[in-house]
Structures are given as C-alpha cells and as structure tokens.
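S.K.: Okay, here's the prediction I keep looking at, along with the sequence it came from:
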Amino acid sequence: MGVTMRILVVVCMVICLSSVAHAAQGTATYYTPPYVPSSCYGYQNNGVMIAAASNAIWNNKAACGTFYRVRCTGSTNVGVPQPCRGQSVVVKIVDYCPSPGCQGTIDLSQEAFSMIADPNAGKIKIEYNKL
C-alpha cells in the first residue's frame, strides 16, 4: 500500500471515529399521520422523513429545519428482543414534542422509526448527530 493510500485510510478512520464520538445518546418514539400542522412550518408538507424535537434539542424553535442522523442502539425494555434494523435515518425537525407528554428525545415519524427499528418496540435507545 502506497503512502497516499495509507494517509487516505487513516483520514477515513479518523472521520469515522469522530462522528461516533460525537453521537448523543437518547431515546426515540414515533407518531403517526397526519404530520401537519407542525410547530415549525404550519400546514407546509415536509414529507415523511421528519421528527418532533423534545426539550432536549428544541431550544426555543432553534431546532426547526435542522437535520439529525438517528441510529437505533437497543431496546428500552429488559427482555425484549433486539428491535434495531442496523440502519440509520436522516430526519428533519419540523415539530415540537413538549414535556411531560414527550416520551423520547426525538419523536420520529412512523416511517422514519420503521426504517431503523421494529415499530412494535414503541420506544428505543438511540444515538443521534446533528448534521
């Protein structure tokens, strides 16, 4: 392997490790349609790869329009089979999930949740990164 290739491999490893190191831990739940109106965009349709932010990331509407990569890391219930599908999903924050009713850090659309975990789990452990 040449010097250039070795440098490229090291750079890729550093980038991969830094993205994992900066992942925040939390939980995710999901909500079902209709997805409008939303706290951020009223009646504007933003598709289905969306989420509602809890107080942990809402920041007085500053989270509106931000994108997060979310990955399932496990079940929140002891003894429940692994719900994770081994994928991540990128979602846009379009709504607010206020406390105390919000049961997760991020409340994903049903479609986004289904991409990363079995919906029967209801609530999962996650890692998430702001993009």
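M.R.: Perfect, I can see it now.
S.K.: Could you list the low-pLDDT ranges of this structure?
M.R.: For the chain, the stretches with pLDDT under 70 are 1-21.
S.K.: cutoff 80 now
M.R.: 1-22, 80 (pLDDT under 80).
S.K.: Helices of that one, start to end?
M.R.: In the chain, the segments counted as helices under DSSP state H are 3-21, 55-58, 110-116.
S.K.: Determine which residue lies closest to the centroid of the chain.
M.R.: The chain has residue 70 as the residue nearest its centroid, 2.9 Å off, counting by Cα atoms, centre = their mean.
S.K.: Skipping adjacent residues, who's closest to that residue in space?
M.R.: Nearest non-adjacent residue to residue 70, counting by Cβ to Cβ, 6 or more residues apart in numbering: residue 128, 4.7 Å away. Glycine gets a C-beta too; all of them are placed from N, C-alpha and C.
S.K.: which residues touch that neighbour?
M.R.: If you count contacts by Cβ atoms under 8 Å, 6 or more residues apart in numbering, residue 128 has them with 23-24, 26, 28, 68-71, 105-106.
S.K.: go on, residue 39?
M.R.: Neighbours of residue 39 in contact, by Cβ under 8 Å, 6+ apart: 52, 61, 64, 94-96.
S.K.: which one of the residues you listed sits closest to residue 40?
M.R.: Closest to residue 40 out of the contacts of residue 39 is residue 64 (3.6 Å), distances taken as Cβ to Cβ.
S.K.: Spatially, what comes nearest to the closest one if we skip its sequence neighbours?
M.R.: Per Cβ to Cβ, 6+ apart, closest to residue 64 is residue 40, 3.6 Å.
S.K.: quick revisit: out of the contacts of residue 39, which end up buried?
M.R.: 52, 64, 94-96 (16 or more other Cβ atoms under 10 Å).
S.K.: In stretch 97-115, which residues are buried?
M.R.: 97, 102, 104-109, 111-113, 115.
S.K.: Now for these: which two are most distant?
M.R.: 102 and 115 (20.7 Å).
S.K.: picking up where we left off before, for the residue nearest to residue 70, name its beta-bridge partners.
M.R.: Counting by DSSP bridges, residue 128 forms beta bridges with residue 24, residue 70.
S.K.: For residue 43, see how far away the residue nearest to the centre of the chain is.
M.R.: Per Cβ to Cβ, to the nearest Å, residue 70 is found 25 Å from residue 43.
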